[in-house]
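Engineer: What follows is a protein structure lacking sequence information:
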């Protein structure tokens, strides 16, 4: 069986967006499915990680086609020309507001929409000359689903849409300066994609619940971890490190944590001496301001590291911080890093909905603690318990049932979904 995977993010892209399908492609052949990847020829990735190119199987076909992105033009007027979609400026300049308005209302569903038409033509020609059993589109960017939608309508080919993140329920959607007309257009496109897909993949139960009214063939296929990356044992950090990996924007800024940690530093000089807050990834100005009251010795900022280097930091950290965005859709947010945190087997300190999807995963695997956004008393108690175990040399977790999140196990599940859908 042969499937064509349409994805914008592919090595040398860095960050979380590339991981899901890179790993699926890595293992699919073990389960009788030959992947062909269709991606962009001249991408504008916010971050790159060339080390990931080593994980691409040597024997697979990779198709590339050029893309024209209006971001290239719009970013000419901005200081930061490489910006993640989820990293919106909270207080943009007047001109910045105009750019945000244009991007939100004239490039629907996103700025990669101009890749749709040429891609449909390119892929349609490829399908005529090659035996492909199904196509899979991965979003965001959700414009890629429109490629799948049009190919399904033109050729009747089996089509699976994969939502790494939701569309209109994505964490930053409510922040976009959208007109009512634009919101309606987004919702209509989203419904069309869901209804026309032969099957829909989502990363969590909340997404499935939100989408089940549009398609009966919806499957939860979470992200995961790759075991071999942590083959070499590493010693734990000497200090009481609390490590966060990934971008931290204003919505993800755990102000309650900074408040509690400052109070603990003021109350206990030994705690202050031992504490190290390690932040790996881009920080918004709001986060930087929130940290300014800490002693510089307590803060360790690292702008960006390769995926392999990040995994080492996760394995060595005393505590791993999972900060869930404080947004209307928080219950359904499952950041990709949670599974690598789980595999690192270090205690997770999560701040977010205690009855959300991420909370359920942490509780079921017994890998840490979830504290509500406003529960300061509970947060302080958890931190003190973690610190006490650290000082006693007994800070550890006994994770259970985590092999279900191994990328190979998840790919096996994916292969069954593909075969059932095609048949």
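Structural biologist: Thanks, I have the structure now. Small disclaimer: the values here were computed from a predicted structure and weren't measured. Numbers count the residues shown, from 1 in each chain.
Engineer: Does residue 127 touch residue 159 like I think?
Structural biologist: No: distance between residue 127 and residue 159: 11.5 Å, which falls outside the contact criterion (C-beta atoms under 8 Å). Where you see a C-beta, it was placed from the backbone N, CA and C, and this is true even at glycine.
Engineer: quick one: contacts for the nearest residue to residue 34 once chain neighbours are set aside?
Structural biologist: With sequence-adjacent residues excluded and distances taken as C-beta to C-beta, 6 or more residues apart in numbering, residue 34 is closest to residue 2, at 4.7 Å. By C-beta atoms under 8 Å, 6 or more residues apart in numbering, the contact list for residue 2 reads 33-36, 130-133.
Engineer: And the contacts of stretch 199-209?
Structural biologist: Under C-beta under 8 Å, 6+ apart, the answer for stretch 199-209 is 160-166, 169, 194, 211, 215, 217-223, 331-332, 334, 356-357, 360, 414, 417, 421.
Engineer: The closest residue to residue 223 other than its chain neighbours: what's it in contact with?
Structural biologist: Nearest residue to residue 223 in three dimensions, chain neighbours excluded: residue 336, at 4.4 Å (C-beta to C-beta, 6+ apart). Contacts for residue 336 (C-beta under 8 Å, 6+ apart) come out as 16, 19-20, 223.
Engineer: And residue 336, how far from residue 42?
Structural biologist: For residue 336, the distance to residue 42 equals 25 Å [C-beta to C-beta, to the nearest Å].
Engineer: Also residue 414?
Structural biologist: The value you get for residue 414 to residue 42, if C-beta to C-beta is used, is 29 Å.
Engineer: So which of these two has more stuff around it?
Structural biologist: Taking neighbours as other C-beta atoms under 10 Å, residue 414 and residue 42 compare with residue 414 leading, 23 against 11.
Engineer: Need the contact partners of the helix or strand containing the more buried one.
Structural biologist: In the assignment (DSSP states H and E), residue 414 maps to helix 407-422. Helix 407-422 has contacts (C-beta under 8 Å, 6+ apart) with 1, 3, 23-24, 26-28, 30-33, 133-134, 136, 158, 160, 198-199, 201, 217, 219, 221-226, 403-404.
Engineer: repeat that with 7 Å
Structural biologist: 1, 3, 23-24, 27-28, 31-33, 133-134, 158, 160, 198-199, 217, 219, 221-222, 224-226, 403 (C-beta atoms under 7 Å, 6 or more residues apart in numbering).
Engineer: count of neighbours near residue 9?
Structural biologist: Count around residue 9 with other C-beta under 10 Å applied: 23.
Engineer: Next up, the contacts around it.
Structural biologist: Contacts of residue 9 (C-beta under 7 Å, 6+ apart): 17-18.
Engineer: now the one 3 residues further on
Structural biologist: Residue 12 sits next to 48-50, 52-53 when contact means C-beta under 7 Å, 6+ apart.
Engineer: Can you list phi and psi of it for me?
Structural biologist: phi -90, psi 20 (degrees, to the nearest 10).
Engineer: helices or strands up against the helix or strand hosting residue 28?
Structural biologist: Here residue 28, judged by DSSP H and E, is contained in helix 19-28. Here helix 19-28 touches strand 34-40, helix 407-422, going by 3 or more C-beta pairs under 7 Å, 6 or more residues apart in numbering; DSSP states H and E.
Engineer: how big is the angle separating that helix from helix 407-422?
Structural biologist: Using axes from the mean of the first three to the mean of the last three C-alpha atoms, to 10 degrees, the direction of helix 19-28 lies 80 degrees away from that of helix 407-422.
Engineer: Check the offset of helix 19-28 from the chain's centre.
Structural biologist: 15 Å (C-alpha atoms, centre = their mean, to the nearest Å).
Engineer: Now do that helix, average pLDDT.
Structural biologist: The average pLDDT for helix 19-28 rounds to 97.
Engineer: go on, stretch 158-172?
Structural biologist: 94.
Engineer: just to revisit the earlier point, any chance you could list what contacts the helix holding residue 28?
Structural biologist: Contacts of helix 19-28 (C-beta under 7 Å, 6+ apart): 5, 7, 11, 35, 37, 52, 55-57, 60, 138, 164, 223, 226, 336, 407-408, 411, 414-415.
Engineer: hmm, which of these are the buried ones?
Structural biologist: Listed as buried from those are 5, 7, 11, 35, 37, 52, 55, 138, 164, 223, 226, 336, 407-408, 411, 414-415; burial here means 16 or more other C-beta atoms under 10 Å.
Engineer: Quickly note the distance from the nearest residue to residue 348 once chain neighbours are set aside to residue 264.
Structural biologist: Spatially, and ignoring its direct neighbours in sequence, residue 348 is nearest to residue 368 (2.9 Å; C-beta to C-beta, 6+ apart). Distance, residue 368 to residue 264, by C-beta to C-beta: 19 Å.
Engineer: out of the two, which sits in the more crowded spot?
Structural biologist: Between residue 368 and residue 264, counted using other C-beta under 10 Å, the more crowded position is residue 368 (25 against 16).
Engineer: Return the residues in contact with that one.
Structural biologist: 347-350, 362, 397.
Engineer: which residue ranges form the helices in the stretch 301-423 of the chain?
Structural biologist: Ranges of helices within the stretch 301-423 of the chain are 307-316, 337-344, 357-365, 376-391, 407-422, based on DSSP state H, counting those that start in this stretch.
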